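*Asks:* got a sequence here, can you model it:
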Amino acid sequence: MPGRLEGKIACITGAGSGLGRAIAGRFAAEGATIVAQDLRVGSAEETVGLLPDGDHFAQGGDVADPEAVAAVFAAIDERLGRLDVQVNNAGVDRLPGDGFDRMLAGEGAQIRLMEHAAFTRMLEIHAGGTFACTQGAVGLMRDGGSVITMSSIAGIAGWGPVHYSAAKGAILGFTRAAARELGAMGIRINAIAPGVIDTPMTAKVDDAMLAPMISMTPLGRKGTADEIASTALFLASDDSSFITGQWISPNGGIVTV
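*Replies:* Here you go, the predicted structure:
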(Lines give C-alpha, C1' and ligand atoms only; values in the text may rest on other atoms or scores of the structure.)
Protein backbone atom coordinates (compact mmCIF):
# COMPACT_ATOMS: atom_id res chain seq x y z
CA MET A 1 0.00 0.00 0.00
CA PRO A 2 1.50 3.39 -1.00
CA GLY A 3 2.57 5.70 1.79
CA ARG A 4 0.74 8.93 2.48
CA LEU A 5 3.60 10.95 0.95
CA GLU A 6 4.43 8.59 -1.90
CA GLY A 7 6.19 10.48 -4.70
CA LYS A 8 6.41 13.73 -2.69
CA ILE A 9 9.56 15.77 -2.19
CA ALA A 10 9.98 17.29 1.28
CA CYS A 11 12.57 19.74 2.62
CA ILE A 12 13.03 19.77 6.39
CA THR A 13 15.21 22.39 8.05
CA GLY A 14 16.96 21.56 11.29
CA ALA A 15 16.87 17.91 10.20
CA GLY A 16 20.16 16.98 11.84
CA SER A 17 18.65 15.97 15.18
CA GLY A 18 15.58 16.04 17.39
CA LEU A 19 12.24 16.90 15.82
CA GLY A 20 13.70 17.46 12.37
CA ARG A 21 15.31 14.02 12.28
CA ALA A 22 12.12 12.37 13.53
CA ILE A 23 10.03 14.16 10.89
CA ALA A 24 12.49 13.20 8.14
CA GLY A 25 12.30 9.57 9.18
CA ARG A 26 8.50 9.52 9.29
CA PHE A 27 8.14 11.27 5.94
CA ALA A 28 10.63 8.94 4.26
CA ALA A 29 8.82 5.91 5.67
CA GLU A 30 5.66 7.26 4.03
CA GLY A 31 7.34 7.45 0.62
CA ALA A 32 8.77 10.98 0.49
CA THR A 33 12.13 12.00 -0.92
CA ILE A 34 13.88 14.04 1.77
CA VAL A 35 16.09 17.10 1.57
CA ALA A 36 17.63 17.25 5.07
CA GLN A 37 18.84 20.76 5.82
CA ASP A 38 20.82 21.77 8.90
CA LEU A 39 23.34 24.37 10.00
CA ARG A 40 25.67 21.41 10.61
CA VAL A 41 25.70 19.61 7.28
CA GLY A 42 27.39 16.59 8.87
CA SER A 43 24.39 16.08 11.13
CA ALA A 44 22.06 16.36 8.14
CA GLU A 45 24.13 13.73 6.33
CA GLU A 46 23.79 11.45 9.36
CA THR A 47 20.01 11.83 9.12
CA VAL A 48 20.08 10.93 5.43
CA GLY A 49 22.10 7.86 6.29
CA LEU A 50 19.29 6.67 8.56
CA LEU A 51 16.63 6.92 5.86
CA PRO A 52 15.44 4.13 3.56
CA ASP A 53 16.96 4.08 0.08
CA GLY A 54 15.97 7.00 -2.12
CA ASP A 55 17.18 10.21 -3.74
CA HIS A 56 17.53 11.91 -0.36
CA PHE A 57 20.33 14.42 0.15
CA ALA A 58 21.67 16.84 2.75
CA GLN A 59 22.22 20.58 2.57
CA GLY A 60 24.00 22.85 5.03
CA GLY A 61 23.50 26.54 5.73
CA ASP A 62 22.18 29.08 8.22
CA VAL A 63 18.46 29.69 7.68
CA ALA A 64 18.96 33.26 8.92
CA ASP A 65 21.26 33.91 5.93
CA PRO A 66 19.19 34.65 2.79
CA GLU A 67 22.05 33.66 0.48
CA ALA A 68 22.48 30.30 2.23
CA VAL A 69 18.74 29.68 1.98
CA ALA A 70 18.74 30.56 -1.72
CA ALA A 71 21.51 28.00 -2.25
CA VAL A 72 19.42 25.29 -0.57
CA PHE A 73 16.46 25.81 -2.88
CA ALA A 74 18.67 26.20 -5.94
CA ALA A 75 20.11 22.76 -5.15
CA ILE A 76 16.63 21.30 -4.80
CA ASP A 77 15.59 22.79 -8.13
CA GLU A 78 18.70 21.47 -9.87
CA ARG A 79 18.52 17.94 -8.43
CA LEU A 80 14.78 17.31 -8.10
CA GLY A 81 13.02 20.07 -10.07
CA ARG A 82 10.24 20.78 -7.61
CA LEU A 83 9.12 20.68 -3.98
CA ASP A 84 5.87 19.48 -2.41
CA VAL A 85 6.38 19.87 1.35
CA GLN A 86 8.42 22.38 3.35
CA VAL A 87 8.95 21.98 7.11
CA ASN A 88 10.47 25.08 8.75
CA ASN A 89 11.85 23.43 11.86
CA ALA A 90 15.31 24.95 12.36
CA GLY A 91 15.75 26.91 15.57
CA VAL A 92 17.57 27.46 18.84
CA ASP A 93 16.42 28.20 22.38
CA ARG A 94 19.51 29.94 23.76
CA LEU A 95 22.08 32.35 22.38
CA PRO A 96 25.24 34.04 23.63
CA GLY A 97 24.37 37.23 25.47
CA ASP A 98 20.75 36.29 26.19
CA GLY A 99 21.28 36.52 29.96
CA PHE A 100 20.08 33.00 30.74
CA ASP A 101 23.09 31.90 32.74
CA ARG A 102 23.22 35.23 34.59
CA MET A 103 19.54 34.87 35.47
CA LEU A 104 20.23 31.40 36.90
CA ALA A 105 23.07 32.90 38.93
CA GLY A 106 20.56 35.23 40.58
CA GLU A 107 21.52 38.48 38.86
CA GLY A 108 17.93 39.39 37.98
CA ALA A 109 15.25 39.00 35.33
CA GLN A 110 16.47 37.69 31.98
CA ILE A 111 14.77 40.53 30.09
CA ARG A 112 17.00 43.02 31.91
CA LEU A 113 20.16 41.01 31.29
CA MET A 114 19.58 40.20 27.60
CA GLU A 115 21.67 41.93 24.96
CA HIS A 116 19.79 43.48 22.06
CA ALA A 117 21.85 41.45 19.59
CA ALA A 118 20.64 38.20 21.20
CA PHE A 119 17.01 39.29 20.88
CA THR A 120 17.31 40.24 17.22
CA ARG A 121 19.36 37.13 16.36
CA MET A 122 16.61 34.91 17.78
CA LEU A 123 14.07 36.66 15.55
CA GLU A 124 16.38 36.34 12.54
CA ILE A 125 16.73 32.58 13.01
CA HIS A 126 13.10 31.72 13.74
CA ALA A 127 10.95 34.36 12.05
CA GLY A 128 13.44 35.41 9.38
CA GLY A 129 14.38 31.81 8.63
CA THR A 130 10.74 30.80 8.37
CA PHE A 131 10.08 33.64 5.94
CA ALA A 132 13.14 32.94 3.76
CA CYS A 133 12.54 29.19 3.60
CA THR A 134 8.84 29.61 2.87
CA GLN A 135 9.64 32.07 0.12
CA GLY A 136 12.17 29.68 -1.41
CA ALA A 137 9.86 26.69 -1.13
CA VAL A 138 6.86 28.39 -2.68
CA GLY A 139 8.90 29.12 -5.78
CA LEU A 140 9.39 25.36 -6.29
CA MET A 141 5.84 24.22 -5.53
CA ARG A 142 4.76 23.67 -9.10
CA ASP A 143 1.42 22.02 -8.30
CA GLY A 144 0.46 23.24 -4.84
CA GLY A 145 1.97 21.98 -1.63
CA SER A 146 2.11 22.11 2.13
CA VAL A 147 4.27 24.35 4.32
CA ILE A 148 4.62 23.52 8.01
CA THR A 149 6.06 26.07 10.42
CA MET A 150 7.32 25.21 13.90
CA SER A 151 6.10 27.46 16.68
CA SER A 152 5.80 26.59 20.40
CA ILE A 153 3.53 27.02 23.38
CA ALA A 154 6.01 29.80 24.22
CA GLY A 155 4.53 31.70 21.28
CA ILE A 156 0.99 31.10 22.52
CA ALA A 157 1.23 31.47 26.28
CA GLY A 158 4.57 33.24 26.75
CA TRP A 159 6.13 30.29 28.57
CA GLY A 160 9.69 30.99 27.59
CA PRO A 161 12.31 33.75 27.45
CA VAL A 162 11.15 36.95 25.78
CA HIS A 163 13.30 36.51 22.65
CA TYR A 164 12.16 32.92 22.09
CA SER A 165 8.49 33.63 22.85
CA ALA A 166 8.50 36.68 20.58
CA ALA A 167 10.06 34.70 17.73
CA LYS A 168 7.64 31.78 18.08
CA GLY A 169 4.68 34.17 18.31
CA ALA A 170 5.83 35.88 15.13
CA ILE A 171 5.75 32.53 13.34
CA LEU A 172 2.06 32.12 14.20
CA GLY A 173 1.22 35.54 12.75
CA PHE A 174 3.28 34.82 9.65
CA THR A 175 1.51 31.50 9.16
CA ARG A 176 -1.95 33.07 9.27
CA ALA A 177 -1.05 35.87 6.85
CA ALA A 178 0.79 33.56 4.45
CA ALA A 179 -2.19 31.20 4.33
CA ARG A 180 -4.35 34.03 2.97
CA GLU A 181 -1.84 34.75 0.22
CA LEU A 182 -0.91 31.21 -0.74
CA GLY A 183 -4.33 29.56 -0.83
CA ALA A 184 -5.02 30.66 -4.38
CA MET A 185 -1.84 28.83 -5.42
CA GLY A 186 -3.03 25.60 -3.86
CA ILE A 187 -0.45 25.89 -1.10
CA ARG A 188 -1.48 25.26 2.49
CA ILE A 189 0.53 26.54 5.47
CA ASN A 190 -0.01 25.51 9.08
CA ALA A 191 1.92 25.69 12.33
CA ILE A 192 2.79 23.14 14.99
CA ALA A 193 3.18 24.57 18.50
CA PRO A 194 4.63 21.80 20.69
CA GLY A 195 4.68 21.71 24.46
CA VAL A 196 7.54 20.12 26.40
CA ILE A 197 8.98 17.46 24.10
CA ASP A 198 11.76 14.98 24.88
CA THR A 199 14.50 16.10 22.47
CA PRO A 200 18.23 16.86 22.68
CA MET A 201 17.27 20.52 23.16
CA THR A 202 15.15 19.90 26.26
CA ALA A 203 17.68 17.34 27.52
CA LYS A 204 20.01 20.28 28.14
CA VAL A 205 17.47 21.90 30.50
CA ASP A 206 17.74 21.08 34.19
CA ASP A 207 14.95 18.72 35.28
CA ALA A 208 14.05 21.10 38.10
CA MET A 209 13.12 23.76 35.52
CA LEU A 210 10.91 21.41 33.49
CA ALA A 211 9.25 19.69 36.46
CA PRO A 212 6.67 22.45 37.12
CA MET A 213 5.52 22.41 33.48
CA ILE A 214 5.28 18.63 33.42
CA SER A 215 3.31 18.65 36.67
CA MET A 216 0.84 21.12 35.12
CA THR A 217 0.44 18.96 32.01
CA PRO A 218 -2.78 16.90 32.30
CA LEU A 219 -1.15 13.92 30.58
CA GLY A 220 1.68 14.12 33.11
CA ARG A 221 4.70 13.64 30.82
CA LYS A 222 6.85 15.09 28.09
CA GLY A 223 5.80 14.50 24.52
CA THR A 224 7.97 12.54 22.11
CA ALA A 225 9.58 13.53 18.84
CA ASP A 226 7.58 10.79 17.13
CA GLU A 227 4.33 12.41 18.30
CA ILE A 228 5.36 15.69 16.68
CA ALA A 229 6.36 13.81 13.53
CA SER A 230 2.88 12.29 13.41
CA THR A 231 1.36 15.77 13.58
CA ALA A 232 3.65 16.95 10.78
CA LEU A 233 2.70 13.95 8.66
CA PHE A 234 -0.98 14.81 9.05
CA LEU A 235 -0.37 18.40 7.94
CA ALA A 236 1.86 17.35 5.03
CA SER A 237 -0.55 14.76 3.69
CA ASP A 238 -3.91 14.97 1.94
CA ASP A 239 -5.52 14.02 5.26
CA SER A 240 -5.43 17.77 6.04
CA SER A 241 -6.40 18.97 2.56
CA PHE A 242 -8.91 21.58 3.80
CA ILE A 243 -6.77 22.93 6.65
CA THR A 244 -4.68 26.08 6.25
CA GLY A 245 -3.73 29.05 8.41
CA GLN A 246 -4.15 27.02 11.59
CA TRP A 247 -1.94 25.91 14.45
CA ILE A 248 -1.99 22.53 16.17
CA SER A 249 -0.48 22.26 19.63
CA PRO A 250 0.60 18.78 20.78
CA ASN A 251 1.19 19.78 24.38
CA GLY A 252 -0.46 17.18 26.62
CA GLY A 253 -3.20 19.65 27.59
CA ILE A 254 -1.08 22.27 29.34
CA VAL A 255 -2.46 24.89 26.93
CA THR A 256 -6.02 24.50 25.66
CA VAL A 257 -8.15 26.60 23.33
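*Asks:* switch to C-alpha atoms for all contacts and neighbour counts from now on
*Replies:* Will do.
*Asks:* please enumerate the helices of this protein.
*Replies:* Using DSSP state H, the helices of the chain run over 18-29, 41-50, 66-79, 100-104, 110-113, 116-123, 129-138, 153-157, 162-182, 200-203, 207-216, 225-236.
*Asks:* among these, which is nearest residue 193?
*Replies:* Residue 193 lies closest, by CA to CA, to one member of the helices of the chain: helix 153-157, at 5.5 Å.
*Asks:* and the closest one, which residues are buried?
*Replies:* Neighbour counts over helix 153-157 (16 or more other CA atoms under 10 Å) mark 153, 154, 155, 156 as buried.
*Asks:* again, but for stretch 241-257
*Replies:* For stretch 241-257, using 16+ other CA under 10 Å, the buried residues are 244, 245, 247, 248, 249, 250, 251, 252, 254, 255.
*Asks:* that one: how far from the chain's middle?
*Replies:* Taking the mean of its C-alpha atoms, stretch 241-257 sits 14 Å from the chain's own mean (CA atoms, centre = their mean, to the nearest Å).
*Asks:* any stretches of the stretch 101-250 of the chain with poor pLDDT?
*Replies:* 202-207 (pLDDT under 70).
*Asks:* what's the spacing between residue 134 and residue 16?
*Replies:* Distance, residue 134 to residue 16, by CA to CA, to the nearest Å: 19 Å.
*Asks:* do residue 117 as well
*Replies:* Distance, residue 117 to residue 16, by CA to CA: 26 Å.
*Asks:* which one of those two has more residues nearby?
*Replies:* residue 16 (27 against 13; other CA atoms under 10 Å).
*Asks:* give me the pLDDT for that one.
*Replies:* The per-residue pLDDT reported for residue 16 equals 97.
*Asks:* contacting residues around it?
*Replies:* Applying CA atoms under 8 Å, 6 or more residues apart in numbering to residue 16 gives the contacts 36, 37, 38, 40, 41, 42, 43, 44, 45, 46, 47.
*Asks:* can we see that at 10 Å?
*Replies:* Residues near residue 16 by CA atoms under 10 Å, 6 or more residues apart in numbering: 22, 24, 36-48, 58, 60, 90.
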